[in-house]
Each structure stands twice: as C-alpha cells, then as structure tokens.
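K.L.:
Build me a model from this:
(one chain, ligands or ions: 2)
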Amino acid sequence: MSQSDAQTTTTLLILGASGDLTSRLLLPGLATLLTVETDRRVRVLGSDLPDMDEDAWRDRVREAFTKVDAGAEAERVLGDTAYIAADATDADGLQRALDAAGDGPLVIYCALPPQITAKACAALANVSLPEQTTLALEKPFGYDADSARELNRTLARSVPEERVFRIDHFLGLYTVLNLLGLRFTNRLFEPVWNRDSIESVEIIYDEMVTLEGRAGYFDHAGALRDMIQSHLLQVMAVVAMDPPASVGERDLRDAIGQVLRAARIVDPAEHSRRARYTAGSIGEREVPDYTAEEGVDPDLGTETLAEVQVDIANHRWAGVPFILRSGKAFGEIRKRVVIHFKPPAHIPDGLLGQDTPDSLTIDLRPDSFTLSLTTNGAGDAFTLGRTDLTGQLGGGQLEPYGEVLSSMLDANPRLAVRGDAAEECWRILEPVQRAWDADDVPLEEYPAGSQGPSSWPTAGASGARQS
Ligand SMILES: NC(=O)C1=CN([C@@H]2O[C@H](COP(=O)(O)OP(=O)(O)OC[C@H]3O[C@@H](n4cnc5c(N)ncnc54)[C@H](OP(=O)(O)O)[C@@H]3O)[C@@H](O)[C@H]2O)C=CC1
Ligand SMILES: O=C1O[C@H](COP(=O)(O)O)[C@@H](O)[C@H](O)[C@H]1O
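P.N.:
Ligands and ions are numbered 1, 2, ... in the order given. Coordinates of the predicted model:
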C-alpha cells in the first residue's frame, strides 16, 4: 500500500450483518487482513433486519477479532463501528445506511440471500451512491444466464463494471494464485501446457462437510451450482488460460473470459454425472440420508456430488477433457488439480517396467504439489519406476476471504469475477441442468463417508474417464 492509501479510511458496509457468512468467513477474514496489513484503515458498518441490534452486532465483531487475536485492531474497529437496522431491499433503508457511511471510499458488501441481493441491487439503482463506491456481491450471481444478464444490467445502473466485485473466494486461494507463478514463470511447464503433452485435467473438490445448517440454500442449489458453476470453473480458467500480458485486472480477466468463452459441455447426457449421499458415517460422525436432513425437500432431487467433462474448443486444448467434480459427505478430503501428461512418443527398447504417465498434482488445501516422474527404480538401472517430487507451497498470509477483501478494499477488481465471465459460467452449465431436469442422467447414490459411488473412479487418483 502507498502512503496515501494508508491514510485513507474505507467504509465497509455489510448488508446481511447477522448472517452465517458474515460471522464465519467475512469478519474473521477482515480481522486477519487488518492484523497483516496494519496500515490499512477500515471502518466497518453492519446492517440487517431489525431483529438484530447494535449490541449483538458489536458482539459478533468482537468475537471474530478475538478469534484471530487481533488485539489493537479489534479495539480500533469496535471503537468506530455502528449498526443500522434496515431492509436492504428498501431504498429508504439503504439511504439511512449510506448516510451513516458518510463520504469517502465505500464498499457495500451484499452478504444476503441471493434473491434478496437481486432486490437490494435494484433498490440501490434508485439511490445516489458516493462516487467511490464498490458493490460486492456473494455467489451465486443469479440462478441462470438470463438472471445473471439481468443482474449485470441492474448493477450497471449503479456503478461501472470495474467497481463491481463478484466474489469467488477460490480466486483468493493461495494455491490458485500460485498457478500464475507456477505456469508462467517456469520454463519447464508452459511449453508443455497444451494438447500436445497433456492427456486430461482433473479439478476436484471433495469435502467431508455435509450441509452444516445450510439446507435452505444448498437444497435449491445442489453441487453443480454451488461449486462447479462458480468456483471450479474459475479454477479451470486459471489452469487453462493463455498467458496474460500482466496480472493487472484487465489482462487477467480478459484471459479468464477468453477461455470460458471457448468452454462447453459437448454431450451433457454422456459428460455429466450426479449423485446424492445416503446414510453413513464420516469418522465418528453418523450422517443421516440426505433426504432426512432438516430443511431438505426430497422432491427436489438435489445432488450432493456433481461431475462434468468440459471441453475447451481452442488451439491449446482441443480434445483435452477437463473433469470438474465436487461432492459433500466424503470419507476423505480431496481438493486438487491433477494434470495428467501424455505418455512419451517412444520408450527406448530395453527400458522396462513402467507405463504410468507423469502427472502434476496441485493440492488446493493444504497447499502442496507433487510432480510424479518416471525414473529408474531402485536396483536394476534399466527397470523404470516412479519418483514423486513433493513440495509445500508455503501457504499465504491470508485466508481466501482476506485476500479477496484486500483487493476489494483497494478497489482493484482483479480477483473479482467479471460480468461476462459470470454469464459464461451459467451458459456452460445450462445444457447439463437441462439434461438433469429431463432425467437424462440418473441420480446415483453413495454412502456418506465413502469416496462417491463405487462405479465412479476414485477422485484425483485416476485418469479422466473415457468419453
Ligand atoms: N455461509 C457460507 O458459508 C457461504 C455463503 N455464501 C453466500 O453468502 C450469502 C449469504 O449467505 P449466508 O450468510 O449463509 O446466509 P444467511 O441467511 O445466514 O444470512 C443472510 C442474512 O441476510 C439477512 N436478510 C434477509 N433479508 C434481508 C433484507 N431484506 N434486508 C436485510 N437483511 C436481510 C438475513 O436475516 P434473517 O436471518 O433475519 O432472514 C440474514 O441475517 C449468500 O449469497 C451465500 O450464497 C458464499 C459462500 C459461503
Ligand atoms: O462457497 C462454498 O465453498 C465451500 C468450500 O470452500 P471452502 O473455502 O470452505 O473450502 C463449500 O463448502 C460451500 O458449499 C460453498 O457454498
């Protein structure tokens, strides 16, 4: 941060201040950020419906800052915070919150349920915003391509595109950002990062968590919308994009937009799978059947595990399947990108015993990588084996929400999803959603605590499935 930036206070106005995201991710992310970037000055305001009050809000802020041991920062933020009871869909209520924010740089953070966010954005379009206002919106951005387009049009009535921060916290993941350095600064990788050398790519995010009290949201979203539409397509874009001229917002987001525009799911009935967990146990924890979870409507047929094969129709990637998969209630966490290289064109006669092609695994959480190479094995020098070169990536100072907030408070949208990219992500998955709605793809089952349906290859440990 420059000296002048250090002296500027940005107001962060959180709409949805009493929600789960605010207390579990946003405030802790901010607390960590302020302990790392100690020159930064942020005034935090909370706003929610009248069933919360100033004391309850202050308790939340205190709790989040105490958890990360924020010391002096906690006192400063608490000394300057306020709570405004207001309906975020109502222009008068919003105006009161804006009056409390005053002049100067402002971030309005919509930590609201998605349908309320859309209404709040419509209301904001009728309110006069300070010139330096950034609008931050949580995922999901709309619920299909049409609604995303409509929301983009609404937002454009309030602020320019560079001031819209569509949040995808995976873009703040240390390992995802590390892909930029790994790919574009190592002579070793970029020349082979294409269809000539790569057989397939897997992007996997299998979690042990289940609904964690979020059935009201998840049951209407499902794994496809919750994880693949947003996070995994963004990760895919960073893995697959052409080298940008710079990591400035325009170059970076142009490169991401370009690769998403080329992405498609060619045959959704063949190239997608879905499943739902049944009763089981994850470690010591007994997990009920998904349909027996509180707040779930069994008739919705929601999937808790989704997999799609994306094809990227461009010179670099034609013919290389990108498998994107995410599931809940797994017995083991697997959160990784796996690059499967092609076998060599010819292995010299006489070198024996190894036919597994090389691979590069980038573990998203915890941060590490493994380059699996063919070498001569122990013993006979002409008999080949595998060597795994493993490295820790070191981890960032900030959790993803802290990283994203840092960029947002600087009004630098390079870690935000641009409007066109948000629409593209819906466009890519719409054929799948249609095929699923038409029941062209069966809803399979897997016991909680397993690694998915037994007929599916083990995530992250396989080659891509055959198309
Ligand atoms: N929670 C999470 O782990 C994650 C959430 N997200 C996204 O973040 C957003 C918020 O999610 P989450 O915090 O879980 O949701 P919650 O329902 O927990 O929080 C939303 C908050 O908004 C309040 N609210 C509802 N209507 C209005 C209104 N008209 N005016 C003002 N406040 C209102 C709610 O109040 P009340 O409860 O009284 O209705 C509630 O406090 C969603 O878009 C979600 O998809 C993204 C990633 C992770
Ligand atoms: O946005 C979401 O992300 C989490 C996974 O991200 P993590 O940072 O918590 O690992 C996912 O569990 C949740 O369903 C989804 O809404």
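K.L.:
mind listing what Arg316 touches?
P.N.:
Applying CB atoms under 8 Å, 6 or more residues apart in numbering to Arg316 gives the contacts 193-195, 240, 242. For every residue, glycine as well, the C-beta is placed using N, CA and C.
K.L.:
Let's see that with 10 Å instead.
P.N.:
By CB atoms under 10 Å, 6 or more residues apart in numbering, the residues touching Arg316 are 193-196, 198, 240-242, 259, 262.
K.L.:
By neighbour count, sort out the buried ones in those residues.
P.N.:
Buried members of the contacts of Arg316, counted by 16 or more other CB atoms under 10 Å: 193, 198, 240-241, 259, 262.
K.L.:
and the stretch 1-150 of the chain, which residues reach ligand 1?
P.N.:
Contact residues, the stretch 1-150 of the chain versus ligand 1 (CB under 6 Å from any ligand atom): 15-16, 18-21, 48-49, 51, 87-89, 111-114, 116, 138-139.
K.L.:
Turn the buried ones among those residues into a named ChimeraX selection, would you?
P.N.:
Remark: buried members of these, expressed as a ChimeraX selection using 16+ other CB under 10 Å:
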select :15,16,18,19,21,48,87,88,89,111,112,114,116,138,139
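K.L.:
Could you tell me the per-residue confidence at the residue in the stretch 201-350 of the chain that ligand 1 sits nearest to?
P.N.:
Minimum separation of the stretch 201-350 of the chain from ligand 1 (CB to the nearest ligand atom) falls at Tyr217, amounting to 5.7 Å. We have a pLDDT of 92 for Tyr217.
K.L.:
isn't it right next to Tyr143, touching?
P.N.:
No. Between Tyr217 and Tyr143 there is no contact under CB atoms under 10 Å: 11.7 Å.
K.L.:
At which residues are the strands of the stretch 51-200 of the chain located?
P.N.:
82-85, 106-110, 133-137, 164-166, 198-206 (DSSP state E, counting those that start in this stretch).
K.L.:
now for the helix or strand following the longest one, which elements pack on it?
P.N.:
Downstream of strand 198-206, the first helix or strand assigned by DSSP states H and E is helix 215-223. Helices and strands in packing contact with helix 215-223 are listed as helix 114-124, strand 272-278, strand 305-312, strand 322-327; criterion 3 or more CB pairs under 10 Å, 6 or more residues apart in numbering; DSSP states H and E.
K.L.:
What is the neighbour count of the nearest residue to Ala64 once chain neighbours are set aside?
P.N.:
Using CB to CB, 6 or more residues apart in numbering and skipping residues adjacent in sequence, the residue nearest Ala64 is Leu27, 3.4 Å away. Here the number of neighbours of Leu27 (other CB atoms under 10 Å) works out to 26.
K.L.:
three-state assignment of Leu27?
P.N.:
helix (DSSP: H, G, I helix; E, B strand; the rest coil).
K.L.:
Please name the residues that touch it.
P.N.:
14, 17, 21, 44, 46, 60-65, 67-68, 77, 111, 401.
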